[in-house]
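Undergrad: Provided below are the primary sequence and the corresponding predicted coordinates.
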Amino acid sequence: MSTHHRPSSAFVGASWTALLLGAGAFLAGLWNAQMALNEKGYYLTLLLYGLFAAVSLQKSVRDKVEGIRVSNLYFGLCWISTASAMLLLGAGLWNATLAFSEKGFYAIAFALSLFAAVAVQKNVRDSSAIPSEPA
């Protein structure tokens, strides 16, 4: 039997801060970017798709570890979706007419956002799995 521990306030705060900083920086970069609206839409869609895919993958992995049934098809789609979002971002940035520093900025903001979304989802699940302590 595994024991679950409520995540610390510091870890919860750091996770939310990282998610807001990563996604906020990515979005601020898009808002201020000198690129066509369809390019901005492409990168926005990839951010949203990547966040959803990463959270779905984390949940599926955790479900399997905890013995909750996850179909192989869904589990595979989670992996494919997460990898696709990263590959599509990489391809978009590779072909973009941006300075290398801008490409690096978008890549790091995207990676930070995905990691933070996984951490936030883990914290939410850990917090909801443990009954509140009586006052």
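TA: On my side now, so go ahead. Everything numeric in this text was worked out from a predicted model, so none of it was measured.
Undergrad: from here on, contacts and neighbour counts on C-alpha atoms
TA: Fine.
Undergrad: tell me what the helix or strand of the chain with the lowest mean pLDDT is packed against?
TA: Of all helical and strand segments in the chain, the minimum by mean pLDDT, DSSP states H and E falls on helix 100-129, at a mean of 91. Here helix 100-129 touches helix 9-32, helix 37-65, helix 72-95, going by 3 or more CA pairs under 8 Å, 6 or more residues apart in numbering; DSSP states H and E.
Undergrad: to Leu114, which of these lies closest?
TA: helix 37-65 (5.5 Å; CA to CA).
Undergrad: just how off-centre is the closest one within its chain?
TA: Its chain's C-alpha centre and that of helix 37-65 lie 6 Å apart, by CA atoms, centre = their mean, to the nearest Å.
Undergrad: list the helices and strands it packs on?
TA: Against helix 37-65 (3+ CA pairs under 8 Å, 6+ apart) you get helix 9-32, helix 72-95, helix 100-129.
Undergrad: ok, the residue nearest the centre of the chain to Leu93 distance?
TA: Nearest to the mean C-alpha position of the chain, by CA atoms, centre = their mean, lies Leu114 at 2.3 Å. With distances taken as CA to CA, to the nearest Å, Leu114 is found 17 Å from Leu93.
Undergrad: reformat the helices and strands packed on helix 37-65 as JSON lines; add distance to Lys64.
TA: Shown next, in JSON lines, are those (distance: least, CA to CA, whole Å):
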{"stretch": "helix 9-32", "distance to Lys64": "23"}
{"stretch": "helix 72-95", "distance to Lys64": "9"}
{"stretch": "helix 100-129", "distance to Lys64": "14"}
